[in-house]
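A.B. asks: The sequence isn't on hand, but the structure is:
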C-alpha cells in the first residue's frame, strides 16, 4: 500500500496550516490587549479571558450576579423584543451548564465596540489575505528552484525522473551514464518564473501593519524603509488611538456600570507590555538591513548644511 503523500495533498496541508497559523496569531493578539483587573478574584479564574474571547467571537458578553453562583462572566444574546434604542429588553445569559433569562437592567451588558461587532470578522479577512500572500511567496520561491519542464522519450522516463530528483534535491552534480545522450532524448523548457518574493514580503508587511492599526497597536512605523516625517507619525498615531478607543470605551463603560451595580472594584487595563513587546520585536527584526527608519521633522536639515 502506497502511503506517500501527493503534491496536491501536501499543498492542501500547507494551505490549511498557514491559514490556521495566521488566524491563531491574530486571535491571540486580539484577546491579549485588555485585562479586566480584579474580575478573576470575584468571578473565578478565567473570567477576564472569557469576556475577551466572547467579545472577539460574538461582539458582546455580559456579567451577572446570580443568587446561587455569584458574579459570573457569560455569553449573551437578545431574548425577545428591542427597546427604542435597539437594545434588548431581556437577554439570555449562557455558557456551558448555564442558561438563564434576565432583564437587561439586571446584567452588565458588554459591547466589543459601538456596533457590537466581533473582532473576529475583520481579523479573519486579514488572516486570509496574509495567508494568500505567504503561500504565493512560497510558490514563487519554489519556482526559482525548479522552473523547468522536461520532455523526453518514454523509454528513458525513469532516468529522467532520477535526474530530476537529483536536481530538485539540490545535488551539486548530476550523474548519468555516458551512453545516455541527453541532447537527443529530452528537451528542457525553462518556465523562468519572475522573482517577486521581495515585493510579496513588502505587501505582507503592509497587510500586517494595517491589521495592527485596526487593533490599536503602533507597529506600522517600524517597517517603513523610507524616512518618516513627524506629520506622518502623528497622523498614524491618531488613527491607532481612534481604533483602540473604539474597543476601550465600551469596555470601560461596562466596567464602570459593574462597579456601581455590584459594588466591585474591577478595572479595565490595556496590556501595554504586550503592545510594547510586539513593537520591540518587530523593530528588531526590521532593523537588519534598514538604517533609514528614523523619524524626522518636516523642518529637519541634513548634516551637510
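C.D. replies: Received, thanks. Nothing here was measured: the structure is a model prediction, and the numbers come from that model.
A.B. asks: drop to CA atoms for contacts and neighbour counts, all remaining ones
C.D. replies: Fine.
A.B. asks: What are the neighbouring residues in contact with the residue nearest to residue 117 when sequence neighbours are not counted?
C.D. replies: Spatial nearest neighbour of residue 117, chain neighbours left out: residue 59 (4.5 Å); criterion: Cα to Cα, 6 or more residues apart in numbering. By Cα atoms under 8 Å, 6 or more residues apart in numbering, the contact list for residue 59 reads 111-113, 116-119.
A.B. asks: Ok, residue 259 next?
C.D. replies: By Cα under 8 Å, 6+ apart, the neighbours of residue 259 are 265-266.
A.B. asks: element containing it?
C.D. replies: helix 230-262 (DSSP states H and E).
A.B. asks: do the same with residue 56
C.D. replies: Element membership of residue 56, judged by DSSP H and E, is helix 47-58.
A.B. asks: List the buried residues for the very next helix or strand once past that helix?
C.D. replies: Using DSSP H and E, the helix or strand that follows helix 47-58 towards the C-terminus is strand 60-66. Neighbour counts over strand 60-66 (16 or more other Cα atoms under 10 Å) mark 60-65 as buried.
A.B. asks: Which parts of the stretch 1-150 of the chain are strands?
C.D. replies: 34-37, 60-66, 70-78, 90-95, 98-103, 108-111, 148-152 (DSSP state E, counting those that start in this stretch).
A.B. asks: Pick the most buried one from the ones you listed.
C.D. replies: Mean neighbour count (mean count of other Cα atoms under 10 Å) peaks for strand 108-111 among the strands of the stretch 1-150 of the chain, with a mean of 24.
A.B. asks: Give me the helices and strands touching that one, please.
C.D. replies: In terms of contacts (3 or more Cα pairs under 8 Å, 6 or more residues apart in numbering; DSSP states H and E), strand 108-111 is packed against strand 60-66, helix 230-262.
A.B. asks: now it: mean pLDDT?
C.D. replies: If you average the pLDDT over strand 108-111, you get 97.
A.B. asks: Run through who's touching that strand.
C.D. replies: So strand 108-111 is contacted by 55, 59-64, 250-251, 254, 257-258 (Cα under 8 Å, 6+ apart).
A.B. asks: what ranges of this structure fall below the confidence cut-off?
C.D. replies: 1-2, 146-161, 163-191, 219-236, 273-305 (pLDDT under 70).
A.B. asks: run the last query once more with 90
C.D. replies: When residues are selected by pLDDT under 90, those of the chain lie in 1-11, 80, 138-195, 216-245, 269-305.
A.B. asks: could you pull out the helices for it?
C.D. replies: 7-30, 39-43, 47-58, 119-145, 157-168, 182-185, 197-215, 230-262, 272-287 (DSSP state H).
A.B. asks: Including distance to residue 106, could those helices go into JSON lines?
C.D. replies: Putting these into JSON lines (distance: least, Cα to Cα, whole Å) gives the following:
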{"stretch": "helix 7-30", "distance to residue 106": "28"}
{"stretch": "helix 39-43", "distance to residue 106": "16"}
{"stretch": "helix 47-58", "distance to residue 106": "18"}
{"stretch": "helix 119-145", "distance to residue 106": "26"}
{"stretch": "helix 157-168", "distance to residue 106": "67"}
{"stretch": "helix 182-185", "distance to residue 106": "83"}
{"stretch": "helix 197-215", "distance to residue 106": "31"}
{"stretch": "helix 230-262", "distance to residue 106": "9"}
{"stretch": "helix 272-287", "distance to residue 106": "32"}
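A.B. asks: ranking these by burial, who's on top?
C.D. replies: It is helix 47-58: most buried of the helices of the chain by mean count of other Cα under 10 Å, with a mean of 22.
A.B. asks: now that helix and strand 60-66, what's the angle there?
C.D. replies: Between helix 47-58 and strand 60-66, the angle comes out at 140 degrees (axes from the mean of the first three to the mean of the last three Cα atoms, to 10 degrees).
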